[in-house]
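# no sequence for this one, just the structure:
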Ligand SMILES: CC(C)(COP(=O)(O)OP(=O)(O)OC[C@H]1O[C@@H](n2cnc3c(N)ncnc32)[C@H](O)[C@@H]1OP(=O)(O)O)[C@@H](O)C(=O)NCCC(=O)NCCSC(=O)CCC(=O)O
Ligand SMILES: N[C@@H](CCO)C(=O)O
């Protein structure tokens, strides 16, 4: 969270130069504080596990976050009991009149399907359009990132023959960006997907900025120039054993999956996986929640315009 210091203390200039977030007495005196409203649209096959993973990271900040869970349809879910869905999830029609400080759209196991083959493709396009008017910041994870790049920025993905599964090294390619505060120059993150984006197309897009990428798996963190949409082309929310679960699942289904890379000790699936992305994942979500949700969202979500948000570069 920001340090509050006297308006003209020399440290203010020094720390600002170092990209440390300081808040002047004036701004601090005028900052109203309230709990954040965050909506999670959960498309993942194991919804309870995904809820737990995301809530674990959202809870790791000093901010109070009120979370609503949303489902894309009210039909039975293959791996989540209906009474759980009915008890804890809302349908889009129930919340579409509300505004949220943040929206997280999860991944989905649909990377081998054309978007038009996804039964809820029309609905999720409607929700992505709605989010641009009703949510201060949207975080798109994995499949949702590919869907967002296509629907909002007309960028197409490529579906690979082999699933990209494993833990890969990334490097930050931008400096002085609030989302990357505290990041190491290089860090690890899990990927589990069939689709990939062209790094060059993302770099060339006038409305997008690539923040971090990997030599092996390409773009990972991409943000819109207006700071409203953050695309995470991976699964930082995964627990240590999630990739192992997916690998065993696909093995049992006779799908001959490739061994997740850089994951099991000595690449031996009988040995424990190495969890080396959790500090990155927690810092990523904490920075998103602080700098792109909490610091930018209007105090009165229902009466103040979300469209009037000033991107970081202009502040
Ligand atoms: C992932 C699994 C194992 C899951 O198989 P299951 O039999 O358990 O379920 P499933 O029938 O595939 O359905 C999983 C979820 O997707 C939904 N689903 C399936 N087909 C759908 C369609 N056409 N439109 C909308 N939703 C669809 C189901 O409703 C369910 O969600 P609900 O529970 O909500 O009803 C399978 O899909 C599979 O093919 N595995 C091997 C290949 C793989 O790893 N696929 C994932 C690649 S990784 C990926 O796709 C990430 C994105 C990307 O690559 O870009
Ligand atoms: N990779 C996940 C789906 C969401 O990315 C899986 O294999 O189930």
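In hand now; what should we look at? Treat the numbers as computed from the prediction; the structure is a model and nothing was measured. Ligands and ions are numbered 1, 2, ... in the order given.
# excluding sequence neighbours, find me the nearest residue to residue 158.
Spatially, and ignoring its direct neighbours in sequence, residue 158 is nearest to residue 196 (5.4 Å; Cβ to Cβ, 6 or more residues apart in numbering). Every C-beta, even on glycine, is put in place using the N, C-alpha and C of the backbone.
# show me what contacts that neighbour?
Residue 196 makes contact with 157, 158, 160, 164, 217, 218, 233, according to Cβ atoms under 8 Å, 6 or more residues apart in numbering.
# let's see it at 10 Å
111, 146, 157, 158, 159, 160, 164, 217, 218, 219, 233 (Cβ atoms under 10 Å, 6 or more residues apart in numbering).
# of the residues you listed, grab the buried ones for PyMOL.
In PyMOL, this line selects whichever of the contacts of residue 196 come out buried by 16 or more other Cβ atoms under 10 Å:
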select buried, resi 111+146+157+164+217+218+219+233
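# restricted to strands, list the contacts of residue 196.
Members of the contacts of residue 196 lying in strands (criterion: DSSP state E): 158, 159, 160, 164, 218, 219.
# of the residues you listed, list those near ligand 1.
When Cβ under 6 Å from any ligand atom is applied, no member of the ones in strands among the contacts of residue 196 is adjacent to ligand 1.
# show me which pair in those residues is furthest apart.
159 and 219 (15.9 Å; Cβ to Cβ).
# just the local confidence number for the residue nearest to residue 158, please.
Model confidence at residue 196, expressed as pLDDT, equals 97.
# what does residue 314 give?
Residue 314 is given a pLDDT of 60.
# please apply the same query to residue 27.
66.
# what's in contact with stretch 90-99?
Under Cβ under 10 Å, 6+ apart, the answer for stretch 90-99 is 37, 39, 41, 68-74, 85, 123-124, 126-127, 130, 133-136, 297-298, 300-306.
# does the host helix or strand of residue 244 come close to ligand 2?
Assessed by DSSP states H and E, residue 244 sits inside helix 242-252. Yes. Under the criterion of Cβ under 6 Å from any ligand atom, ligand 2 is reached by helix 242-252 at residue 246.
# mind listing what's buried in that helix?
Here helix 242-252 shows 242, 243, 244, 246, 247 as buried, counting by 16+ other Cβ under 10 Å.
# chain center to the next helix-or-strand element following that helix: distance?
For helix 242-252, the succeeding helix or strand toward the C-terminus, using DSSP H and E, is helix 278-287. In terms of Cα atoms, centre = their mean, to the nearest Å, the centre of helix 278-287 is found 10 Å from the chain centre.
# ramachandran angles for the closest residue to residue 301 other than its chain neighbours?
Computed as Cβ to Cβ, 6+ apart, the closest residue to residue 301 that is not its neighbour in sequence is residue 99, at 4.3 Å. As for residue 99, its main-chain torsions (degrees, to the nearest 10) stand at phi -110, psi 150.
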